[in-house]
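Q: let's see this in three dimensions:
(one chain, ligands or ions: 1)
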Amino acid sequence: MAKKKPKTKQSSTPKFKKPSLKLTNQQKLIFGSLLIILGIILGTAFLSYFFTGKADQSILNEFSTRQAEADNWVKKLGAYLSDIFVYRGFGIAAFIFSGLLIRSGLHVLLDINYEKLRRHWFWGLYIILWFSIFFGFFGEKHAILGGTVGFETNTFLQDYIGILGVSLLLFFGLIVYLATRFKITIHSFIALFKSAKKDISDELKSNADDDNFAFDNNLTEEAEAIKAAHLATQKEAQQTKPKPSTPEPVKEPTPVVEFEPIAKPQPVKDIPESSFEVTAPKEEPIEEAAELKIETVEEELSETDNLSNKLVADFGLFDPTLELGKYQFPPLDLLKKYDNEGISINQEELEGNKNRIVETLNNYKIGIASIKATIGPTVTLYEIVPEAGVRISKIKNLEDDIALSLSALGIRIIAPIPGKGTIGIEVPNKNSTIVSMRSVIASQKFQKSDMQLPIAFGKTISNETFVVDLAKMPHMLMAGATGQGKSVGLNAVLTSLLYKKHPAEVKFVLVDPKKVELTLFNKIERHYLAKLPDEAEAIITDNTKVINTLNSLCIEMDNRYEMLKNALCRNIVEYNTKFKARKLNPNDGHAFLPYIVLVVDEFADLIMTAGKEVETPVARLAQLARAIGIHLIIATQRPSVNVITGIIKANFPARIAFRVTSKIDSRTILDGSGADQLIGRGDMLYTQGNELVRIQCAFVDTPEVERIVDFIGAQKAFPDAHLLPEYVGEEGGTNLDIDISDRDKLFKEAAEVIVTAQQGSASLLQRKLKLGYNRAGRLIDQLEAAGIVGPFEGSKARQVLVPDFIALEQLLENEKNN
Ligand SMILES: Nc1ncnc2c1ncn2[C@@H]1O[C@H](COP(=O)(O)OP(=O)(O)OP(=O)(O)O)[C@@H](O)[C@H]1O
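A: Next up is the predicted model:
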C-alpha cells in the first residue's frame with residue numbers, strides 16, 4: 001500500500017497510453033458499432049470493386065458532381081474508397097482493413113483487451129504489406145492483385161535485389177511472422193515431420209477410427225507438431241513403451257472459450273508504472289484495477305497464450321485421462337449393503353441414559369438446565385446445559401462416575417463442546433449400526449465434492465457423511481491398537497480415491513510390512529500404483545526397499561519443484577491447470593503430474609528397523625511435499641514417542657485415532673485424551689489441528705475391496721506401474737558410472753583432499769570441506785566412480801587408488817579427453 005505511486009509521473013517515457021479505456025458503456029456501444037459498420041461498408045465496397053471497378057473509373061473525378069452515378073454497391077464513396085485502398089493501395093490485401101475495423105469494433109463493444117487489438121493491427125498491416133508486395137510480382141497483368149503500392153514496392157526492390165532477392169525477402173518475412181506470431185521453432189518442424197511419418201505408418205496399420213483422422217487432417221501444422229509432443233510426453237509420463245498399434249482416441253475439440261490469463265507472479269521491475277497507479281485502492285474501482293493489471297501481465301504472456309489458446313481451440317484442453325479414455329470407474333454395486341444400516345432409535349434406551357445422567361449429576365449437586373440427545377451410528381451425544389454457576393471441571397471429573405452409572409464403555413465427556421456452549425456426553429449405543437462404505441460413497445457430499453483427493457471416512461455423530469480432502473490435510477497419521485479398525489480405515493481411504501480419481505490422476509505407493517493387508521491392490525498395479533524402476537512388486541514389504549522408495553520420492557519431489565519453478569506455479573493444481581491449458585511445453589520437460597499418495601501400514605515396524613534412515617526422508621516429504629502433490633498416510637499400532645517422533649508429529653497435522661490402550665498413547669497421537677475411551681470397531685477421532693470429531697469409520701470388507709480391484713484390474717491398463725525416479729542407496733554400489741557433468745562442484749577439491757590425506761573417508765571430507773553427511777557421501781560415491789577411491793570396506797576407510805597429485809591431474813585430464 002505504502003508503495004502506491006504518487007501522482008507525479010517519472011521522467012521516463014510517457015509511453016503510448018491507452019486513452020480509450022475510459023469510454024463509458026454507451027460510448028463503447030456507439031463507437032464499437034460505428035467501427036463495425038465502417039468495416040462492413042469498406043468490405044462491401046472492395047468486393048463490389050472487383051465487378052464494378054472498371055465502370056466506375058470515369059466518375060472518380062466527378063466525386064462532387066451529384067448527377068454522376070457510380071455502380072459500386074456503396075455508390076460513389078465505395079468507388080472512391082476502393083480506388084484508394086485497392087487500386088492505388090494494396091490490392092486484394094485491402095480486405096484485411098475491413099476485417100481489422102470490424103475486429104476493432106468488436107473489441108470496443110465487448111470491452112476486450114486493447115493490447116491484443118494493437119497487436120492485431122500491427123500484424124494485420126504487416127500481412128497487408130506482405131501480400132501486396134507478393135502480388136506485386138503479377139502487377140503488370142493483374143494490377144488489382146497487389147495494388148499500386150505492392151507493384152511499385154516490388155519493382156523498386158527488384159531494381160536493387162532482383163526477383164530472387166525479393167522472393168527471399170518475402171520468405172524471410174514469412175518466417176519472421178510465423179516465428180513471432182506462432183512461436184514456431186525448428187523443433188516444431190522436426191516434430192511435425194516425425195508425427196507425419198508416424199501418422200502414415202499408423203494409417204497403414206489400421207484404417208480404423210475415421211473420425212480421428214478427419215479431425216487430425218484439420219490441424220494446422222505447427223499445432224500438430226506440438227500435439228505430437230504433448231501426446232508423446234503424456235505417454236512418457238506414464239512410462240509407457242511405444243505401442244505398436246491402436247491409435248489414441250482423440251477427444252472432440254471443445255469450443256473455444258475466451259481465455260482468462262492466469263496472473264503470474266511478475267518481477268516488480270517488469271510491471272509498468274500504470275499498474276501501480278491503478279491498484280491504488282481509493283481512486284480506482286476494483287474491477288478496473290484488476291483488468292489493467294491483467295493486461296500488463298498479459299503483454300508478456302500474450303505470445304505463449306496465443307499459441308496455447310490456439311492449441312486449446314484446436315484440440316481442446318489436454319486430457320490426462322485420454323490414454324485410458326475408456327476407463328470405467330467401479331460401480332456402487334460392488335459395495336455391500338448392510339441390513340443393520342440406518343439408525344434405529346431405541347426410545348427406552350435414550351430415556352434410561354438421560355435419566356441416569358441427570359441422576360448422577362444430581363447426586364453431585366449439579367443441576368441441569370436442559371438436555372438434548374443426538375443419535376449417531378455408534379454413539380449418542382447427550383448435550384447438557386448445566387445450571388448457572390456449575391463449574392465445568394466438576395462435570396469433567398465425573399467421567400468415571402457417569403460411566404459407572406451407565407455401565408458402559410467408551411463414554412467421553414466434551415466440556416465444553418467447542419462453539420456451542422454446552423457440555424457433551426457421548427454414550428455408546430447398545431446396538432451400533434454399521435456405516436457401509438456404499439452409503440458414504442453414494443452420499444451427495446462425496447459424489448458432488450470438488451476436492452482434489454476426497455476421502456469419505458464415515459459418519460459423524462450427527463449422522464452426516466464426513467468427507468475430507470487429503471490434499472488439504474496434507475498428510476495423515478493414523479494410530480490404533482490392533483483390531484480396532486486401522487486396516488479398514490486405510491481401505492476406506494483407498495476405496496474413496498478409487499471411486500473418485502482416474503488412474504492418470506493419482507498413484508499410490510503402498511508399504512505393507514505386514515505383507516497381507518494391502519496385497520490385494522497388486523491387481524491394480526498398472527493402473528494406480530507407483531514403484532521403483534526394476535522392482536518386480538509394486539507393493540513394498542521389505543524395509544530396505546522402503547528406504548529407497550522414500551528417497552526416490554524425495555527426488556521426485558525435488559524434480560517436481562523444479563518443474564513448478566520453471567512454470568512459475570506455486571502448487572500442483574496451478575501447474576496442472578496450466579499444463580491442461582497447453583501453456584507448458586512438454587518439450588521443455590513439462591508433464592501432467594498425478595498426485596502420489598504414500599501409504600505406510602505399519603510405521604512402528606519401519607522406524608524400529610531403519611530409524612533415522614526412514615525418519616529423515618519421511619520428515620522431509622512431510623515438510624515439503626504438500627505443494628507438489630505427494631501426500632503421506634502413515635498408520636501405526638504403537639503410537640509411542642519413539643515411533644511418532646516430534647519432527648514427524650509436527651508435520652502431520654491431520655491425525656486419526658482408533659481405540660488405543662492407554663491415555664499416554666492417546667496423548668501421543670491426539671495431544672489429548674479421548675482415543676482410549678473409544679469403543680473400537682471403527683470408532684475413531686479425527687483432528688486437523690483444532691477440535692476433535694468423533695466418527696464412525698465406514699466399513700469396507702476384504703471381499704468388497706477384492707471386487708473393486710478385480711473390476712479395475714480387468715480393464716485396459718498402462719503398460720507398467722508409474723515409475724518413480726531411480727535412487728541408488730549408499731550400499732547400492734552398482735550404479736557407479738556417474739556422469740561427469742553431474743558431478744558435485746566440489747568434486748575436484750574433494751579428490752585433492754582425499755589424495756593428499758591418502759584416506760578415503762566421507763567424514764574427512766565433511767571436516768575439511770565443511771559438508772553435510774549426505775553430500776560428503778555422494779562425493780565419495782563419485783570419487784569411487786572416477787576410480788580415485790576403492791569400494792566400501794565396512795568400518796575401514798576406503799583405499800585411495802591415486803598415489804599423488806600428478807596422477808590425479810592426469811586421471812582427470814584423461815577423463816576430459818574421453
Ligand atoms: N468401521 C468398522 N465398522 C465395523 N466394524 C469394523 C470397522 N472397522 C473394523 N471393524 C471390525 O474390526 C475388525 C478389525 O479391524 P482391522 O483389521 O481394520 O483392525 P486393525 O486395526 O487393522 O488391526 P491390525 O492392526 O491387527 O491389523 C474387522 O475385522 C471388523 O470386524
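Q: enumerate every residue touching Thr541.
A: Residues near Thr541 by Cβ atoms under 8 Å, 6 or more residues apart in numbering: Val511, Asp512, Pro513, Lys515. In this view, the C-beta of every residue, glycine as well, is placed from N, C-alpha and C.
Q: with Val660 instead?
A: When contacts are counted by Cβ under 8 Å, 6+ apart, Val660 touches Ala479, Gly480, Ala481, Gln484, Pro639, Ser666, Ile669, Ala675, Asp676, Leu678.
Q: biggest separation within those, which pair?
A: Based on Cβ to Cβ, the longest span within the contacts of Val660 runs between Pro639 and Leu678 and measures 13.2 Å.
Q: okay, and the common contacts of the two?
A: Overlap of the contact sets of Pro639 and Leu678 (by Cβ under 8 Å, 6+ apart) consists of Ala657, Val660.
Q: residue numbers of the stretch 651-800 of the chain in contact with the ligand?
A: Proximity of the stretch 651-800 of the chain to the ligand is confined to Arg681, Gly682, Cys697, Phe699 under the rule Cβ under 6 Å from any ligand atom.
Q: closest point of this protein to the ligand, which residue?
A: Here the residue of the chain nearest the ligand is Gly682; by Cβ to the nearest ligand atom that distance is 2.2 Å.
Q: list the contacts of that residue.
A: Shown in contact with Gly682 (Cβ under 8 Å, 6+ apart): Thr378, Val435, Gly458, Gln484, Gly485, Val488, Gly489, Phe658, Gln696, Cys697, Ala698, Phe699.
Q: let's see 7 Å
A: Gly682 makes contacts with Gly458, Gly485, Val488, Gln696, Cys697, Phe699, as judged by Cβ atoms under 7 Å, 6 or more residues apart in numbering.
Q: strands along the stretch 601-750 of the chain, start to end?
A: Applying DSSP state E, counting those that start in this stretch to the stretch 601-750 of the chain gives strands spanning 630-636, 654-657, 683-687, 692-697, 722-723.
Q: mind saving the C-alpha coords of the fourth one as PDB?
A: Put plainly, it is strand 692-697. Taking Å, rounded to 0.1, in the frame of the first residue of the first chain, the C-alpha atoms of strand 692-697 are listed here in PDB:
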ATOM      1  CA  LEU A 692     -11.700 -33.500  17.700                       C
ATOM      2  CA  VAL A 693     -14.500 -35.000  15.600                       C
ATOM      3  CA  ARG A 694     -15.900 -38.400  16.600                       C
ATOM      4  CA  ILE A 695     -16.600 -40.500  13.500                       C
ATOM      5  CA  GLN A 696     -17.700 -44.000  12.800                       C
ATOM      6  CA  CYS A 697     -15.400 -45.200  10.100                       C
END
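Q: before we move on, the earlier item: as TSV, the contacts of Thr541 with distance to the ligand and pLDDT would be great.
A: TSV is the format used below for these (distance: Cβ to the nearest ligand atom, whole Å; pLDDT from 0 to 100):
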residue	distance to the ligand	pLDDT
Val511	14	90
Asp512	11	88
Pro513	11	83
Lys515	12	80
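Q: so how do I select the buried members of those in ChimeraX?
A: The ChimeraX selection below is limited to those of the contacts of Thr541 classed as buried (16 or more other Cβ atoms under 10 Å):
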select :511,512,513
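Q: filter the contacts of Thr541 down to the ones in strands?
A: Secondary structure from DSSP state E places Val511 of those in strands.
Q: I'd like the contacts of Thr541 as a markdown table, with distance to Pro474 appended.
A: Output for these, formatted as a markdown table (distance: Cβ to Cβ, whole Å):
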| residue | distance to Pro474 |
| --- | --- |
| Val511 | 18 |
| Asp512 | 22 |
| Pro513 | 24 |
| Lys515 | 28 |
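Q: of all the contacts of Thr541, which comes closest to Lys354?
A: Distance to Lys354 across the contacts of Thr541 (Cβ to Cβ) is lowest for Asp512, with 45.4 Å.
Q: I'd like the distance between that closest one and Ile368.
A: To Ile368, Asp512 is 50 Å away according to Cβ to Cβ, to the nearest Å.
Q: pull the helix or strand with minimum mean pLDDT from this protein.
A: Here the helix or strand of the chain ranked lowest by mean pLDDT, DSSP states H and E is helix 273-278, holding a mean of 32.
Q: mind listing the helices for the stretch 501-650 of the chain?
A: Ranges of helices in the stretch 501-650 of the chain, per DSSP state H, counting those that start in this stretch, are 525-528, 543-566, 572-580, 603-610, 612-624, 646-650.
Q: which one of those helices is the most hemmed in?
A: helix 525-528 (a mean of 24; mean count of other Cβ atoms under 10 Å).
Q: who in the chain is up against the ligand?
A: Counting by Cβ under 6 Å from any ligand atom, the residues of the chain close to the ligand are 434, 480, 482-488, 637, 681-682, 697, 699.
Q: domains of this protein?
A: Here the domain parsing of the chain from automatic domain parsing is 19-182, 255-315, 347-428, 437-723, 740-817.
Q: looking at those, which one has the lowest mean pLDDT?
A: Out of the domains of the chain, domain 255-315 stands lowest, with a mean of 43 (criterion: mean pLDDT).
Q: before we move on, back to that, biggest separation within the residues of the chain next to the ligand, which pair?
A: Those two in the residues of the chain next to the ligand that are separated most widely, counting by Cβ to Cβ, are Ile434 and Gln637, at 23.2 Å.
Q: so between the two, which is more surrounded?
A: Comparing Ile434 with Gln637 by other Cβ atoms under 10 Å, the one with more neighbours is Gln637, at 22 against 19.
Q: residues in contact with that one?
A: Ala481, Thr482, Glu602, Ala604.
Q: next, it: phi, psi?
A: Geometry field for Gln637 lists phi and psi as phi -80, psi -30, criterion degrees, to the nearest 10.
Q: please list all residues in contact with Leu332.
A: Applying Cβ under 7 Å, 6+ apart, we find Leu332 in contact with Arg438, Ile441, Ala442.
Q: let's see it at 6 Å
A: Ala442 (Cβ atoms under 6 Å, 6 or more residues apart in numbering).
Q: gap between it and Phe699?
A: Remark: distance between Leu332 and Phe699 (Cβ to Cβ) = 15 Å.
Q: now do Thr155
A: Between Thr155 and Phe699 the distance is 87 Å, computed by Cβ to Cβ.
Q: between those two, who's got more neighbours?
A: The residue with more neighbours, out of Thr155 and Phe699, is Phe699; 25 against 14, by other Cβ under 10 Å.
Q: all helices for the stretch 51-200 of the chain, in order.
A: Along the stretch 51-200 of the chain, counting by DSSP H, counting those that start in this stretch, helices occupy 75-82, 95-110, 114-135, 143-182, 186-205.
Q: I should have written the stretch 351-500 of the chain there, sorry.
A: 392-397, 399-406, 437-442, 444-447, 486-500.
Q: mind putting those helices into CSV with mean neighbour count and distance to Leu746?
A: Output for the helices of the stretch 351-500 of the chain, formatted as CSV (neighbours: other Cβ atoms under 10 Å; distance: least, Cβ to Cβ, whole Å):
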stretch, mean neighbour count, distance to Leu746
helix 392-397, 14, 60
helix 399-406, 16, 61
helix 437-442, 23, 54
helix 444-447, 14, 53
helix 486-500, 23, 43
